[in-house]
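*Asks:* just coords:
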């Protein structure tokens, strides 16, 4: 039987460590791979996980890759697995992790990343701005009110992670918009457009999906 132990740890500064212990079928030895991840990489890991989960639940599941510093993750929806490739110089180690195991281990990482974003310099303002965003009716067709609310909440969380980074980017357009009350409406529009863009890439309206299937038949 294939045995895997995945551990994702986070540090106070938002950075973390990825560690996977793997024992494959037909072998007696144990293979280990580990990788330190920056705070930025940890946030990208969260966005990768949340995006894949939304696509799988409400969208059109596709193979998606995430390239981090020394680590390449690829989700294969049809197999229900995350392919992990650890790259150190010219050497590589590879393994597969069941999606359920990966998502369960990511739960704590997601919470920590969101806490950091909320407590960042502009966190309260960003959270307030995002709380006002809504999804166009065309993107939530076929969803119940509870499903629509859940999708919106998760998209707002993803947008918070992205915007918290952009708000600290020196010379960045969004950071400049946040500095002045005069340009605050533009910042709010930027946040709203980001949520809508995420929704369009991750969520497929059920009625549209049904129509496409009928057209194909």
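*Replies:* In hand now; what should we look at? For clarity, every value in this text was computed on a predicted model and none was experimentally measured. Numbers count the residues shown, from 1 in each chain.
*Asks:* in the protein, which spans are helices?
*Replies:* Taking DSSP state H to define them, one finds helices in the chain at 39-58, 99-118, 123-131, 145-167, 173-179, 184-202, 206-216.
*Asks:* and residue 87, which of the ones you listed is closest to it?
*Replies:* The closest of these to residue 87 is helix 39-58. By C-beta to C-beta, the value is 13.5 Å. C-betas here are computed from N, CA, C, even on glycine.
*Asks:* residue 133 is in contact with residue 192, correct?
*Replies:* Yes: in this structure residue 192 lies within contact range of residue 133 using C-beta atoms under 8 Å: 4.9 Å.
*Asks:* that older thread, columns distance to residue 69 on top of the helices of the chain, output as a markdown table?
*Replies:* Below are the helices of the chain laid out as a markdown table (distance: least, C-beta to C-beta, whole Å):
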| stretch | distance to residue 69 |
| --- | --- |
| helix 39-58 | 6 |
| helix 99-118 | 16 |
| helix 123-131 | 25 |
| helix 145-167 | 16 |
| helix 173-179 | 24 |
| helix 184-202 | 24 |
| helix 206-216 | 37 |
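*Asks:* reformat these as TSV; add mean pLDDT.
*Replies:* Shown next, in TSV, are these (pLDDT from 0 to 100):
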stretch	mean pLDDT
helix 39-58	93
helix 99-118	92
helix 123-131	95
helix 145-167	95
helix 173-179	91
helix 184-202	94
helix 206-216	44
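*Asks:* residue 20: which of these is closest?
*Replies:* Residue 20 lies closest to helix 99-118 among these, at 9.8 Å (C-beta to C-beta).
*Asks:* that closest one - contacts with which helices or strands?
*Replies:* Helices and strands touching helix 99-118, by 3 or more C-beta pairs under 8 Å, 6 or more residues apart in numbering; DSSP states H and E, are strand 3-10, helix 39-58, strand 81-88, helix 123-131, helix 145-167.
*Asks:* figure out which of the ones you listed is closest to residue 97.
*Replies:* strand 81-88 (4.7 Å).
*Asks:* other SSEs contacting that closest one?
*Replies:* Contacts defined by 3+ C-beta pairs under 8 Å, 6+ apart place strand 81-88 against strand 31-37, strand 71-76, strand 91-98, helix 99-118.
*Asks:* got the contact list for the residue nearest the centre of the chain?
*Replies:* Among the residues of the chain, residue 47 comes closest to the average C-alpha position under C-alpha atoms, centre = their mean, at 1.6 Å. Going by C-beta atoms under 8 Å, 6 or more residues apart in numbering, residue 47 touches 158, 161, 162.
*Asks:* which one of those is nearest residue 21?
*Replies:* Nearest to residue 21, judged by C-beta to C-beta, of those is residue 161 at 28.5 Å.
*Asks:* count of neighbours near that closest one?
*Replies:* Residues near residue 161, counting by other C-beta atoms under 10 Å, number 21.
*Asks:* quick one: it from residue 130, how far?
*Replies:* According to C-beta to C-beta, to the nearest Å, residue 161 and residue 130 sit 11 Å apart.
*Asks:* returning to what we had before: is it possible to get JSON lines of the helices and strands packed on helix 99-118 that adds distance to residue 186?
*Replies:* Converted to JSON lines, these look like this (distance: least, C-beta to C-beta, whole Å):
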{"stretch": "strand 3-10", "distance to residue 186": "34"}
{"stretch": "helix 39-58", "distance to residue 186": "24"}
{"stretch": "strand 81-88", "distance to residue 186": "38"}
{"stretch": "helix 123-131", "distance to residue 186": "11"}
{"stretch": "helix 145-167", "distance to residue 186": "13"}
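*Asks:* all good on my end, thank you.
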